[in-house]
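> Show me the folded form of this:
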Amino acid sequence: MSESPPMTSQHAVSIHNAPTRPSWLRRALFPVGMLAAGVGLFWMVAGHSLMRGDVEQLPPESPRGSTDPDAVAVTVSPVTMRPVQRTVEAVGSLYGYEEVTLRAKVEGRIKRIVHDVSDSVSPGDAVIEIDPADAELAVRQTEKNLLAELARLGLTEPPAADFNVRNIPLVSQAKVRLDNAKTKFDRASQLAKKSVISAEELSDRTTEMRAAEAELANQILLANAVLATIQTRQEALAIARKQLDDTVLRAPIPSAPVPGLEHPAYAVTKRSVSEGALVRVGDEVCRLVIDRALKLKVAVPERYTTDVQLGQKADVLTSSSTTPFPGKVTRINPSVDPTTRTFEVEILCSNEAGKLKPGGFAKAAIATRLDERAVTVPLEALVSFAGISKIFVTDGDKVRELRVALGVQETDWVEISTPAIPDGTQVVTSGQAALAEGSTFFIRPTTPTRTAQK
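Below you'll find the predicted structure:
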């Protein structure tokens, strides 16, 4: 066996100077060690906290040892009987309380636009003026014709209704002549009896009296004819003055008070003419509307004929406001449209602030009756799928599935219209995903709580 050669001093120096672990490896291992130390410290603290009891108390597991192992943990809540306001909803359009189209009654040129679109006009105020020159000439001409007829009777003013034509000068003269002729006839008759005058002279006096009578009757007829002409001239003058007044188009005065408005006013919604334009009789000039009280006309389905009554309150909703406007049913059309099977209902709404606009679209909810005991369940009890709504009710230790029709819905409850559910019935409010008809269940404990450190 050969021996190893002895280590020389040169070999010792080589071993002493052998290369050590690189410095970059030490720098990489240092943060890893620090991270491991931090994780260890965290678990120590967390473990200590768990031992102190500052942990979430989870609900106990299902008591499967004492119940059906397939039982589902659920929460339940009883159905609630509460009053529910029944409403009938319908849509329609808003109209002004009164909408008027002003049309020209006389022919002429537009002289002045007194009020333009969006202006407020009080009843009786002028809106548009037509040049009155022609109408003024017609009035003056008719007045002169009337005066000429009055002059024929010796009058300066139209006579009253109880005027006696015998007071007219021509008639009075004829009456005097008749009286004179009668006097002569009476004297001649007396003399003829005494044979003082001849029969021929008596005949002349008779003829004179009859002629005077005819003259009086003729003057009365002429006077009556002139009176009739005067009345015609008066009516023509009234027509001429009316045409002169019609050159000013005014806002109409409502014949009945507007509900809720002490001083109603019109708003100009359209102007169809300009100053200087020629208009003829019947041409549209402008449109006016009372917009501080509006009428909502809605089409209500025929099945609600007995539900909707006069005087019922209604909420009116528009797309421009989330706040409903109060209204009241004022008119109900007694007939049903055979095409749509609906009847028209008119709802009066106050619009003093002017937030509603005539012609706008609106929806009405008419309050019909109040159901004192409507069946309602929590909203979370409802299960909806493929357009079908259902709930689960408890029946002993099992559940029953009920398909339901829904009624009024609020933020935390919904009404069950059908089927009828007895008061006190328990409905499942959680865990429905694991339930089916006839599933067994157990009531899950209350919501987990956190125990605070004392």
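
> my read is residue 84 is in a helix, agree?
No - the assignment for residue 84 is strand, going by DSSP: H, G, I helix; E, B strand; the rest coil, so no helix is present there.

> Could you tell me how far the nearest residue to it once chain neighbours are set aside is located from residue 88?
Among residues not flanking residue 84 along the chain, residue 374 sits closest, at 3.9 Å (C-beta to C-beta, 6 or more residues apart in numbering). C-beta here means a position set from N, CA and C on the backbone, and glycine is covered the same way. With distances taken as C-beta to C-beta, to the nearest Å, residue 374 is found 16 Å from residue 88.

> what do you get for residue 137?
Distance, residue 137 to residue 88, using C-beta to C-beta: 61 Å.

> neighbour-wise, which of those two wins?
The neighbour count for residue 137 versus residue 88, taken as other C-beta atoms under 10 Å, is higher for residue 88 (19 against 12).

> helix or strand for the more buried one, which one?
For residue 88, the host element (DSSP states H and E) is strand 80-96.

> ditto for residue 232
Taking DSSP H and E as the criterion, residue 232 maps to helix 199-245.

> Now do the helix or strand just after that helix, average pLDDT.
Beyond helix 199-245 on the C-terminal side, the first helix or strand identified by DSSP H and E is strand 248-250. For strand 248-250, the mean per-residue pLDDT is 96.

> After strand 248-250, which helix or strand is next? Please name it.
Where DSSP H and E defines the elements, the next helix or strand beyond strand 248-250 is strand 266-271.

> That next one pairs with which strands, parallel or anti?
Sheet pairing of strand 266-271 (DSSP bridges) gives strand 120-121 (antiparallel), strand 284-289 (antiparallel).

> The shortest one: how far from the chain's middle?
So that's strand 120-121. 21 Å (C-alpha atoms, centre = their mean, to the nearest Å).

> ditto for the last one
Going by C-alpha atoms, centre = their mean, the spacing between the C-alpha centre of strand 284-289 and its chain's C-alpha centre is 21 Å.

> and the angle from it to strand 80-96?
Orientation of strand 284-289 against strand 80-96 (axes from the mean of the first three to the mean of the last three C-alpha atoms, to 10 degrees) gives an angle of 160 degrees.

> Strand 284-289: which residues count as buried?
Residues 285, 286, 287, 288, 289 are the ones in strand 284-289 that count as buried (16 or more other C-beta atoms under 10 Å).

> ok, those vs residue 347, which is closest?
Proximity of the buried residues of strand 284-289 to residue 347 (C-beta to C-beta) peaks at residue 289, which lies at 17.1 Å.

> just checking, the closest one touches residue 102?
No - with contacts counted by C-beta atoms under 8 Å, residue 289 stays clear of residue 102, the gap being 11.5 Å.

> ok, residues contacting stretch 126-146?
Contact partners of stretch 126-146, identified using C-beta atoms under 8 Å, 6 or more residues apart in numbering, comprise 102, 104, 106, 108-115, 121, 158, 230, 233-234, 236-237, 239-241, 243-244, 246-251, 268, 273, 279, 285-286, 288.

> Any stretches of the chain with poor pLDDT?
1-67, 446-454 (pLDDT under 70).

> how about the helices of it, start to end?
9-16, 23-52, 133-152, 169-193, 199-245 (DSSP state H).

> now those helices as CSV including distance to residue 441?
Formatted as CSV, the helices of the chain follow (distance: least, C-beta to C-beta, whole Å):
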stretch, distance to residue 441
helix 9-16, 81
helix 23-52, 33
helix 133-152, 92
helix 169-193, 116
helix 199-245, 87
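
> Which one of those lies nearest to residue 406?
Residue 406 sits nearest to helix 23-52 of all those, at 47.4 Å, using C-beta to C-beta.

> before we move on, back to that, make TSV from the strands paired with strand 266-271 and add distance to residue 190 to it.
Putting the strands paired with strand 266-271 into TSV (distance: least, C-beta to C-beta, whole Å) gives the following:
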stretch	distance to residue 190
strand 120-121	82
strand 284-289	80
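
> And these: which comes nearest residue 356?
Taking C-beta to C-beta, strand 284-289 is the member of the strands paired with strand 266-271 nearest to residue 356, at 11.8 Å.

> Run through who's touching that closest one.
For strand 284-289, the external contacting residues (C-beta under 8 Å, 6+ apart) are 96, 98-104, 121, 127-128, 249, 251-252, 266-273, 279, 358.

> Would you mind checking the residues you listed for buried ones?
When the contacts of strand 284-289 are checked for burial by 16+ other C-beta under 10 Å, the buried set is 96, 98-100, 102, 104, 121, 127-128, 249, 251, 266-269, 271, 273, 279, 358.
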